[in-house]
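Enquirer: What shape does this take:
(one chain, ligands or ions: 1)
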Amino acid sequence: MAVDLEPDPVVADLARRTADFVREVVIPVEERGGGVVRDDSERVRLQRAAKEAGVFAPHVGPEFGGHGLDMRARAVVFEEAGYSLLGPLALNIAAPDEGNMHMLELIATEEQKRRYLAPLAAGEIRSCFAMTEPAPGAGSDPAALSTRAARVGGGWRIDGRKWFITGADGAGFAICMARTSGDPGDPGGATMFLVDAGNPGMKLVRHIDTLDESLYGGHLEVLFDGCVVPDEAVLGEVDEGFRYAQVRLGPARMTHCMRWLGIARRAQDIAVGRAAERELFGSRLGDLGMVQQMIADNEIDIAAARGLVLQACWELDQGRSASQATSIAKTFSAEAIWRVVDRSLQICGALGVSGDVLLGRFLREVRPFRIYDGPSEAHRWAIARRVMRRHDKAARP
Ligand SMILES: Cc1cc2nc3c(=O)[nH]c(=O)nc-3n(C[C@H](O)[C@H](O)[C@H](O)COP(=O)(O)OP(=O)(O)OC[C@H]3O[C@@H](n4cnc5c(N)ncnc54)[C@H](O)[C@@H]3O)c2cc1C
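Expert: Below is the predicted model:
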C-alpha cells in the first residue's frame, strides 16, 4: 500500500504558521500558567489570537470557517498545535470538541448543525461527550451501557450516571449515549442525544480529581435524572449510537495521538537542549552513551508513532473503517509518547521533576492517554481477535 507522506503546499504552509503561532503566542501563556488554563477569558483570548493568525479550527469545512483538512493533513497540523499543552485549545481542536465537531459534520441534521456545530466551530460554546459510566456500566466495553432513554410524549427521558466526562463544566451541550433498546451487554441498542446545558435533568455532580489538568473544563461525574429531551435531540438514527461512536472514536483516537506527538517532540527538544549544555564527567551530557541511547530511542518512538498514525489516517481518508490500523497506532503511540516524556525527564535530572520545566506536567498529562480512547489492553485484545479471525478465515477449507 503506497502512502504519500508529502503534505500539499497549503497544508505545509498552515503547519508552519501553526508552529509559529504556538511558539510566539501560546507557549508564553502556557509557561506562565504551568500548562493549565482555568479562566474562560484566557481561552477566549487565545482563540481570538488564533483567528487573527488564520490558524483557527482548521479541521472543519469552509462553511464553518475551517479548511476541511483530511486526516493526513490534520496529522501534520495538529502535531504542530500539540507542541504546547494549550495549542489545541487555542486552535479549537482540543478533545472532546474536535471529535464532536467531526461527528456532527458527518451525521447531524442541517438544523442541528446550525444550532450546535456552527457555534462550536466558532468557539462560542464548548461541548462534552458522555459515554463512560461507573461500574458496572460502559467503559472499555461499551456494550455494558446502562444509561436508559425511554419514550415520553414528544421526546425521550434519559436516566443514568456518567463519569470522566471531559469539559462538562461550562459546556453548552452534551452528546449523551443512552440505551434505547436491549439490555446491558447487548452489542446494539444505543442512541446519541444532544442535551442542552441548563436542562434541569442533567446535573453536574462533581469534578473528579485526576493526574491530568490541561484538558479544559475538567473531568466530571454527570447525573441524568429524568432528563427530558425532544425528538429533535436524537443525533442520527435511534439505536445506531454504537455505529456513530465508531465514526467519532477512530478519528478521535488519531487526533489524540497527533496532539500528544507534539508534546513528545517538545519533551525531546527540552531534553536535547539540556543535554547540549550540561557538562558532566568531562563531556557534554549528550555525548555520554546512555544519554545518546535515550535521545535515539525518543527519536525512534516519535518517528514510529508518526508513521503508524499516518498509515491509519490514510486508511480513514480512503473511507475505510481502519479499526485495526487505529488500534495499532493508538496503542503504540500512547505508550511511545509516555516513554519519550519519561526519558526526557530522566535526561534533565532533578530539573526534570521541577516546575522550572514543564516535563512533570507533560508526564501527568500523557499518562491517562493509555486509558482513554480504549486502554492498551482492550486494543491489544481487539487486535489479536482480528488476527485470529483472519487466520481462521484463511484456514477454512
Ligand atoms: C482523563 C480521562 C478523560 C476521559 N474523558 C472521557 C469523556 O470525555 N467521555 C467519556 O465518555 N469517557 C471519558 N473517559 C473514560 C474513558 O473512556 C474510560 O476510562 C475508558 O474507556 C476505560 O474504561 P474504564 O475506566 O471503565 O476502565 P475499565 O473498563 O474498568 O477497564 C479497567 C482496565 O481493564 C483492563 N482491560 C480492559 N479491557 C481489557 C481486555 N479486553 N483484556 C484485558 N484487560 C482489559 C485495562 O487495563 C483497563 O485499564 C476519560 C477517561 C480519562 C482517564
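Enquirer: what ranges of the chain fall below the confidence cut-off?
Expert: Applying pLDDT under 70 to the chain picks out residues 1-4.
Enquirer: which stretches of it form helices?
Expert: Ranges of helices within the chain are 9-21, 27-32, 40-52, 71-81, 87-91, 97-107, 110-112, 118-121, 241-277, 289-317, 323-347, 350-353, 359-366, 376-395, based on DSSP state H.
Enquirer: Just the buried residues of the longest one, please?
Expert: Of the residues in helix 241-277, those scored as buried under the neighbour-count criterion (16 or more other Cβ atoms under 10 Å) are 241-242, 244-245, 247-268, 270-272, 274-275. The C-beta positions use only the backbone N, C-alpha and C, and glycine is treated the same way.
Enquirer: How about that helix and the ligand, any contact?
Expert: No: using Cβ under 6 Å from any ligand atom, we find that helix 241-277 stays clear of the ligand, coming within 9.3 Å at best.
Enquirer: And that helix, how far out from the chain middle?
Expert: Chain-centre distance of helix 241-277: 8 Å, with Cα atoms, centre = their mean, to the nearest Å.
Enquirer: Could you do the third one as well?
Expert: Going by Cα atoms, centre = their mean, the spacing between the C-alpha centre of helix 40-52 and its chain's C-alpha centre is 20 Å.
Enquirer: same deal with the second one?
Expert: Distance of helix 27-32 from the chain centroid (Cα atoms, centre = their mean) equals 21 Å.
Enquirer: Other residues contacting that helix?
Expert: 37, 42, 46, 83-86, 358 (Cβ atoms under 8 Å, 6 or more residues apart in numbering).
Enquirer: will you turn the helices of the chain into a markdown table that also has distance to Ala171?
Expert: Below are the helices of the chain laid out as a markdown table (distance: least, Cβ to Cβ, whole Å):
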| stretch | distance to Ala171 |
| --- | --- |
| helix 9-21 | 25 |
| helix 27-32 | 22 |
| helix 40-52 | 12 |
| helix 71-81 | 21 |
| helix 87-91 | 14 |
| helix 97-107 | 9 |
| helix 110-112 | 16 |
| helix 118-121 | 10 |
| helix 241-277 | 16 |
| helix 289-317 | 26 |
| helix 323-347 | 25 |
| helix 350-353 | 34 |
| helix 359-366 | 20 |
| helix 376-395 | 26 |
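Enquirer: Can you tell me which of these is packed in deepest?
Expert: Among the helices of the chain, ranked by average contacts under mean count of other Cβ atoms under 10 Å, first place goes to helix 87-91 (a mean of 30).
Enquirer: how about the residues of the stretch 101-250 of the chain near the ligand?
Expert: With Cβ under 6 Å from any ligand atom as the criterion, the stretch 101-250 of the chain comes near the ligand at residues 128-132, 139-140, 164-166, 210, 212, 219.
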